[in-house]
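here is the input, now give the coordinates:
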Amino acid sequence: MQIKSALRAFVILFFISSNIWAQHFWVPDAAFRNQLKIKYPSCFTLQDSLLTNCAPITTDTALNVRYSSLQNLTGIHFFSGLRYLDCAGNNLTSLPTLPVSLRTLFCAHNYLDSLPYLPDSLIFIDCTANLLTSIPILPNSLITLQCDGNLLPTLPTLPNALRALSCRNNLLTILPSLPNSLSGLGCGYNLLTTLPAMPVDLRGLYCEGNFLSTIGPLPASLEYFWCSNNLLTSLPTLPNLIQLACSQNFIPILPQLPSSLYEMGCSGNLLTSLPSLPNMMRSLDCSNNLLTALPALPDSLEWLECPLNQISSIPQLPTKLHYLNVSDNPIACLPQLPISLNYFVMNNTSIICLPNILNGVTPNLPICTSASPCNPLFIDKLNVAQIKIFSNPISKTALISCNQGEIIGKVELINNLGITLQTKIISSTSFIWDLENLPSGMYWFKGQQWIEKFLKI
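Numbering: from 1, shown residues only. Okay, here's the model as predicted:
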């Protein structure tokens, strides 16, 4: 009897002890519970309760439950060793208390309107595409904050260790002071009218889509600068940039371009000319400006877009060029097309013949003949008589003048088909030619030893 009594007491004590050390917890969200059962089957009872002291739960360092239709993460605090949590793409409206060990948090693409207290150990947060109207105090250890696509009117104080901040597509009207550690800032598509002082080691500044009318000095370290879709009328001195995007502003003139510049987009401004292009440049988009000419194109250029300007001639094309768009310009003649070209657009121009044909690339136009003004033998003649045409473009009359004081002699008016429309014998050193009834387009005045192109408007 004594032995049986002792055995019964041992069994009761065992079950009491087991219940103390093996706490059960019912995970309320069925989708979260099912995900945990799949990942940690040994940590659930037959009644589907979570054993909170189960070693795989308490020692695991990473948990990925993204796009799992979760609505509630209650129970996540039992993962006491968790360092990485990805719960992006669910239906979460809030987050519970997070493990104090957490270093990386992905909670993007949910319906969060707030965040809980953020553990001091966090170094990375991505809460993009939620409904956040505020962000709690950021831990001093934080290196990266991505909070694009929320409803944030302000940001908290930024920690001194922060290196990357992306807060695009919010309701920000002002940014806090930027720490000197910051190397990348994305603040595009907000309501910003000014920017704070730039950190000395900043490498990327992306402030497009705001209401900036000026931008202060740029740090010498900057390599990537996007400021399109603002109210800028000028740019500051440019450091050694690799990429510049300043489209859709009100800029009439660009500063000197750095020799390191690899890509530039300056479309939709008020530019009448471009500065010298760097030898390393590979891509240029200067569409929709007031340009009448292009500078010399570097041999490295592979991509050129210049539609919707007033350009009447194109300089020699680089041998590596594979994309060319010259549409909506008063261009009648083209230079030699490089064999590297694999995409060519020339809509709404005066081009009627081509210097050479590239199979599958060039439009269905003939090669320029010897009678065409675009024939190299025609357009490359030296103007030895130093004849000048004033003014160009021409609306009503053209003044033809010889700078050397010689009689001008025979002059032909030629259209872009190479057809002579009028011929005059001029026995003076200057002459006013009435062109009021001439249709708009590109034309040439041709003498015996000279030829001058002009635009009739």
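
following the helix or strand of the chain with the lowest mean pLDDT, which helix or strand shows up next?
Least confident helix or strand of the chain, by mean pLDDT, DSSP states H and E, is helix 2-21 with a mean of 41. Following helix 2-21 in sequence order, the next helix or strand is strand 24-25 (DSSP states H and E).

run through the neighbouring helices and strands of that following strand.
For strand 24-25, the contact count by 3 or more C-beta pairs under 8 Å, 6 or more residues apart in numbering; DSSP states H and E identifies strand 50-51 as packing neighbours. No exception for glycine: its C-beta is placed from N, CA and C like everyone else's.

after the strand it packs on, next one along is what?
helix 55-59.

strands paired with the helix or strand following that next one, and their directions?
Note on helix 55-59: by DSSP H and E, the next helix or strand toward the C-terminus is strand 62-64. Sheet pairing of strand 62-64 (DSSP bridges) gives strand 84-86 (parallel).

I'd like the average pLDDT over the helix or strand just after the strand it pairs with.
As assigned by DSSP H and E, the chain's next helix or strand after strand 84-86 is strand 104-106. Strand 104-106 shows a mean pLDDT of 98.

nearest spatial neighbour of Gly268, chain-adjacent residues omitted?
In this structure, Gly268 finds its nearest non-sequential neighbour in Gln248, 4.1 Å apart by C-beta to C-beta, 6 or more residues apart in numbering.

relative to His109, how far out is that neighbour?
As judged by C-beta to C-beta, to the nearest Å, Gln248 and His109 stand 29 Å apart.

touching, Val345 and Asp328? I think so.
No: distance between Val345 and Asp328: 9.8 Å, which falls outside the contact criterion (C-beta atoms under 8 Å).

please enumerate the shared neighbours of the two.
Pro307 (C-beta atoms under 8 Å, 6 or more residues apart in numbering).

of those two, which one has the most company?
Taking other C-beta atoms under 10 Å, Val345 and Asp328 do not tie; Asp328 has more neighbours (19 against 15).

pLDDT score assigned to the more buried one?
The predicted local confidence for Asp328 is 95.

name the element it belongs to?
Counting by DSSP H and E, Asp328 is part of no helix or strand.

that one contacts Asn348, doesn't it?
Yes: contact status for Asp328 versus Asn348: in contact at 4.6 Å, counting by C-beta under 8 Å.

returning to what we had before: how far away is the residue nearest to Gly268 from Ser228?
Counting by C-beta to C-beta - Gln248 and Ser228 are separated by 5 Å.

Asn210 too?
Taking C-beta to C-beta, one finds Asn210 at 10 Å from Ser228.

tell me the contacts of the nearest residue to Thr59 once chain neighbours are set aside?
Using C-beta to C-beta, 6+ apart and skipping the chain neighbours, the partner closest in space to Thr59 is Gly81 (5.2 Å). The neighbours of Gly81, taking C-beta under 8 Å, 6+ apart as the test, are 58-61, 99, 101.

which of those residues are buried?
Buried subset of the contacts of Gly81 (neighbour count, 16 or more other C-beta atoms under 10 Å): 60, 99.

alpha carbons only: can I get stretch 147-164 in CSV?
Only the C-alpha atoms of stretch 147-164 are listed here, as CSV (Å, rounded to 0.1, in the frame of the first residue of the first chain):
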residue,chain,number,x,y,z
CYS,A,147,8.2,53.8,-44.8
ASP,A,148,7.0,54.6,-48.3
GLY,A,149,3.4,54.8,-49.2
ASN,A,150,1.8,55.7,-45.9
LEU,A,151,-0.1,58.7,-44.5
LEU,A,152,2.7,60.2,-42.5
PRO,A,153,2.7,64.0,-42.0
THR,A,154,5.9,64.0,-40.0
LEU,A,155,8.8,61.7,-39.1
PRO,A,156,10.3,61.2,-35.6
THR,A,157,13.8,62.2,-34.7
LEU,A,158,16.2,60.1,-36.8
PRO,A,159,18.8,58.1,-35.0
ASN,A,160,22.5,58.9,-35.5
ALA,A,161,23.3,55.5,-36.9
LEU,A,162,20.7,55.7,-39.8
ARG,A,163,22.2,55.1,-43.2
ALA,A,164,19.2,54.7,-45.5
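
now find how far off-centre it is within its chain.
Here stretch 147-164 shows a centroid-to-chain-centroid distance of 21 Å under the convention C-alpha atoms, centre = their mean, to the nearest Å.

could you list the low-confidence segments of the stretch 301-450 of the chain?
370-373, 375-386, 404, 416-418, 448-449 (pLDDT under 70).

also the stretch 1-150 of the chain?
1-22.

switch the cut-off to 50
1-21 (pLDDT under 50).

for Pro295, give me its contacts.
Contacts of Pro295 by C-beta under 8 Å, 6+ apart are 273-277, 315.

got those as TSV, with distance to Glu302, neighbour count and secondary structure columns?
Output for these, formatted as TSV (distance: C-beta to C-beta, whole Å; neighbours: other C-beta atoms under 10 Å; DSSP: H, G, I helix; E, B strand; the rest coil):
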residue	distance to Glu302	neighbour count	secondary structure
Ser273	23	14	coil
Leu274	17	19	coil
Pro275	20	12	coil
Ser276	18	11	coil
Leu277	13	18	coil
Pro315	16	11	coil
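
count the residues that sit near Ser300.
17.

grab the nearest non-local neighbour of Leu270.
That would be Pro252: by C-beta to C-beta, 6+ apart, it lies 4.4 Å from Leu270.

so Ile38 sits in a helix?
Yes: judged by DSSP: H, G, I helix; E, B strand; the rest coil, Ile38 forms part of a helix.

buried residues, the helix or strand hosting Glu412. List them.
Per DSSP H and E: Glu412 is located in strand 409-415. Residues of strand 409-415 classed as buried: 411-415 (neighbour count, 16+ other C-beta under 10 Å).

same check on stretch 97-107?
Under 16+ other C-beta under 10 Å, the buried positions of stretch 97-107 are 98-99, 102-107.

which residues does it contact?
With C-beta under 8 Å, 6+ apart as the criterion, stretch 97-107 contacts 66, 76-77, 79-88, 92, 95, 115-127, 130.

please pick the buried ones from those residues.
Using 16+ other C-beta under 10 Å, the buried ones in the contacts of stretch 97-107 are 76, 79, 82-88, 92, 95, 115, 118-119, 121-127, 130.

before we move on, back to that, my read: the residue nearest to Leu270 touches Leu235, true?
No: using C-beta under 8 Å, Pro252 makes no contact with Leu235, being 10.9 Å away.

for those two, indicate the residue with more neighbours.
For Pro252 versus Leu235, neighbours defined as other C-beta under 10 Å are more numerous around Leu235 (19 against 14).

which residue is the nearest non-sequential neighbour of the more buried one?
Pro255 (5.5 Å).

likewise Asp120?
Pro139 (4.8 Å).

next, give phi and psi for that neighbour.
Torsion angles at Pro139 (phi, psi; degrees, to the nearest 10) stand at phi -70, psi 150.

that one and Pro119 touch, don't they?
Yes: here Pro139 lies in contact with Pro119, judged by C-beta under 8 Å, at a distance of 6.7 Å.

name the helix or strand for the residue nearest to Gly268, please.
Using DSSP H and E, no helix or strand contains Gln248.

if anything else comes up later, I'll come back, but that's it for now.
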